[in-house]
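Novice: Let's see this in three dimensions:
(one chain, ligands or ions: 1)
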Amino acid sequence: MSVNETNPRRTFAIISHPDAGKTTLTEKLLLYGGAIHLAGSVKARKAQKHAVSDWMEIEKQRGISVTSSVLQFDYQGIRVNILDTPGHQDFSEDTYRTLIAADSAVMIIDVAKGVEEQTKKLFRVCKDRGIPIFTFVNKLDRFGRNPFELMEEIEKVLGIRAYPMNWPVGVDGNYKGVYNRQLNQVELFAKDDSHGQRAVPSTTGNVEDAAFRQLLGEDAHQALCDDIALLDMAGDEFDYDKVARGDLTPMFFGSAMTNFGVRPFLEEFLRLAPPPAPRRSSEEIVSPESDVFSAFVFKIQANMNPAHRDRIAFIRICSGRFERGMNVYHVQSGKQVKLSQPQQFLAQERTLVEEALPGDIIGLFDPGIFAIGDTLCQPGHEIRFEDFPVFPPEQFARVQAKDTMKRKQFVKGMTQLTQEGAVQVFRQPSVVESFVVGVVGSLQFEVLQYRLKQEYGVDILMNSLPYGLARWVAGPGLNPKALKGMDNGMVLEDTRGRPLVLITTEWQLNWVKERNPGVEFYAAPPDN
Ligand code: GDP
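Specialist: Below is the predicted model:
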């Protein structure tokens, strides 16, 4: 039997716009998963003004988590790894990168607000990876939008079809429960100790049952019958292959706060969510069933303990078995590394890991050799996981050292922090004293400023630039400086000398494109 069958893993991330209920749902999943001592800790971390952790001072000052780690529990024989993506104002490239380590995603949508901005961005990353995306429509205890309307919006705005796994019963703002389309049963909303619901099994398995009519009342029952008939007739068929490819999203309705629909969601999700997927590498497709160890670095967190100035590299295991103290080959440095103090991060707690399997995430002490996207593998079985995606920055600033005498430390700091993936750095070909940095979330600017000061002793001047998008440019005989229509733009080079332009808006981009017909514009470096 393979490692995967004997030790099933489900590794996923929850994506949502701030306030849709990610913290609440995460907690409830932990609660139902039996990790009760952890429920409360997720919210505590969000709300706490003085984090117990000795992580970056910024975290303490603002009571937020700059990192994302993993929450783990066992449920009915499955080890569940929830990748904790930072939300809110701490949105950053780390949020995107975490999605690269996930095998599926749960997208939370606020029933009243529908598809919001941040959800769209995170959805796009998942969609591009082709991983299954599950939808949880939250806050059903409140007034909200019509479920059909939400389905339509998901399709229009995100370009994915939705298959409702359950359907609200009753009237908006006063739902009685949901009808489970797979089991043909009504799950009633109950404010007792049944954790938010009571399942009412149907004897005949048909929504038209008289028993249901009696239970729900004439009007609610009729409305439900009409809705289900419409879904059966006009909606998509449930097609697991489409779900697996990320072309169809199973949609659930519930309320994380009142627990309503959380357990059925968890169980159905775990039934449908994929096990750790094979990953592409330079040599071969790496199967999670393989006995040969491999993993990649998807995130680096520095200064988790300022007393030691340590760095933690988070790795996702792709194949084989990880054991504490094992020697692995670090492909990018060409060196063997002994992994002696692997750690797992459960909310604020750190525990030492003895063993981990494909799908698991662990933190390694990083002696300063790891970078985002690096591969670790078994000595003698060298592979290299494919280039980690670069996420197009959306905010830009020019930075320079306040004190020009500190230029050397400044350049060193900028170089190291870029390697670590804290920000993306560009330079204007003719300008030597300053860099242009690009980020996806403004917190990254603060982190940069803070860390240059703390770790390199450099104060910086930072001026924000009025651009909203970056495009790498390529084309036969391209001379970036001669691009037309760039009066409101800026021409730069990335750290590998590839030319790119900064532009204010999509509209402006189109203007530039029209004036430079032979030039290709890419949202990520073209040879990536
Ligand atoms: P996050 O920013 O996505 O992590 O959202 P939170 O989980 O912190 O929730 C944001 C707010 O919505 C909080 O005040 C929650 O109590 C509330 N909330 C979360 N789930 C529900 C729900 O099912 N119903 C209602 N009425 N409120 C909810």
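Novice: Can I get the host helix or strand of Thr26 in PDB, CA atoms only?
Specialist: Following DSSP states H and E, the helix or strand that holds Thr26 is helix 22-32. Taking C-alpha atoms only, helix 22-32 is exported to PDB below (Å, rounded to 0.1, in the frame of the first residue of the first chain):
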ATOM      1  CA  LYS A  22     -12.400  32.900   7.200                       C
ATOM      2  CA  THR A  23     -11.300  33.100  10.800                       C
ATOM      3  CA  THR A  24     -14.600  31.900  12.000                       C
ATOM      4  CA  LEU A  25     -14.900  29.000   9.600                       C
ATOM      5  CA  THR A  26     -11.300  27.900  10.300                       C
ATOM      6  CA  GLU A  27     -12.100  27.800  14.000                       C
ATOM      7  CA  LYS A  28     -15.200  25.800  13.400                       C
ATOM      8  CA  LEU A  29     -13.400  23.300  11.300                       C
ATOM      9  CA  LEU A  30     -10.800  22.900  14.000                       C
ATOM     10  CA  LEU A  31     -13.600  22.500  16.500                       C
ATOM     11  CA  TYR A  32     -15.300  19.800  14.600                       C
END
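Novice: to the chain's geometric centre, what's the distance from that helix?
Specialist: Distance of helix 22-32 from its chain centroid, counting by CA atoms, centre = their mean, to the nearest Å, is 16 Å.
Novice: again with stretch 218-237
Specialist: 34 Å.
Novice: Ok, stretch 22-39 next?
Specialist: With CA atoms, centre = their mean, you get 18 Å for stretch 22-39.
Novice: And it, what's buried?
Specialist: Neighbour counts over stretch 22-39 (16 or more other CB atoms under 10 Å) mark 22-33, 35, 38-39 as buried. Any C-beta I mention is one placed from the backbone N, CA and C, and that applies to glycine too.
Novice: Establish whether that stretch and the ligand are in contact.
Specialist: Yes - interface with the ligand: stretch 22-39 contributes 22-24 (CB under 6 Å from any ligand atom).
Novice: for whichever strand or helix holds Glu446, packing partners?
Specialist: Using DSSP H and E, Glu446 sits in helix 443-456. Secondary-structure packing of helix 443-456 (3 or more CB pairs under 8 Å, 6 or more residues apart in numbering; DSSP states H and E): helix 57-62, strand 395-401, helix 407-420, strand 434-439, strand 460-465.
Novice: Can you check what angle separates that helix from strand 434-439?
Specialist: With axes from the mean of the first three to the mean of the last three CA atoms, to 10 degrees defining the directions, helix 443-456 sits at 130 degrees from strand 434-439.
Novice: For Gly475, grab the count of nearby residues.
Specialist: 14 (other CB atoms under 10 Å).
Novice: Go ahead and confirm it touches Gly518.
Specialist: Yes - contact criterion CB atoms under 8 Å: Gly475 and Gly518 qualify, at 5.0 Å.
Novice: measure Val399 to Arg427 for me?
Specialist: 11 Å (CB to CB, to the nearest Å).
Novice: Now do the shared contacts for these two.
Specialist: Taking CB atoms under 8 Å, 6 or more residues apart in numbering as the contact rule, Val399 and Arg427 both touch 435-436.
Novice: When those two are compared, which one has more neighbours?
Specialist: Comparing Val399 with Arg427 by other CB under 10 Å, the one with more neighbours is Val399, at 21 against 16.
Novice: which bits of the stretch 151-300 of the chain sit near the ligand?
Specialist: Residues of the stretch 151-300 of the chain lying near the ligand by CB under 6 Å from any ligand atom: 255-257.
Novice: starting at the chain centroid, how far to stretch 154-169?
Specialist: Relative to its parent chain, stretch 154-169 has a centroid offset of 20 Å by CA atoms, centre = their mean.
Novice: On the C-terminal side of the worst-scoring helix or strand of the chain on mean pLDDT, identify the next helix or strand.
Specialist: Least confident helix or strand of the chain, by mean pLDDT, DSSP states H and E, is helix 57-62 with a mean of 46. For helix 57-62, the following helix or strand on the C-terminal side (DSSP H and E) is strand 70-75.
Novice: center of the protein - which residue?
Specialist: Closest to where the C-alpha atoms of the chain average out (CA atoms, centre = their mean) is Leu99, at 3.6 Å.
Novice: returning to that earlier point: so which of the helices and strands packed on helix 443-456 is nearest the ligand?
Specialist: helix 57-62 (14.8 Å; CB to the nearest ligand atom).
Novice: Next, Asp387: secondary structure please.
Specialist: coil (DSSP: H, G, I helix; E, B strand; the rest coil).
Novice: Phi and psi next, for it.
Specialist: Asp387 has phi and psi values of phi -50, psi 130 when expressed as degrees, to the nearest 10.
Novice: so it touches Gly373, yeah?
Specialist: Yes - look at Asp387 against Gly373 with CB under 8 Å: they come within range, at 6.5 Å.
Novice: Which one's more surrounded, the two?
Specialist: Ranked by neighbour count (other CB under 10 Å), Asp387 and Gly373 place Gly373 first, with 19 against 12.
Novice: quick one: contacts for that one?
Specialist: 296-298, 385, 387-388.
Novice: Closest one of those to Thr95?
Specialist: Nearest to Thr95 among the contacts of Gly373: Phe298, at 11.5 Å, using CB to CB.
Novice: helix or strand for that closest one, which one?
Specialist: According to DSSP H and E, Phe298 maps onto strand 294-302.
Novice: For that strand, the averaged confidence score.
Specialist: Averaged across strand 294-302, pLDDT comes to 87.
Novice: for that strand, packing partners?
Specialist: Using 3+ CB pairs under 8 Å, 6+ apart, strand 294-302 sits against helix 93-100, strand 311-319, strand 375-377.
Novice: Would you convert the ones you listed into JSON lines that also reports mean pLDDT and distance to Ser333?
Specialist: Formatted as JSON lines, the helices and strands packed on strand 294-302 follow (pLDDT from 0 to 100; distance: least, CB to CB, whole Å):
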{"stretch": "helix 93-100", "mean pLDDT": "87", "distance to Ser333": "20"}
{"stretch": "strand 311-319", "mean pLDDT": "89", "distance to Ser333": "12"}
{"stretch": "strand 375-377", "mean pLDDT": "96", "distance to Ser333": "10"}
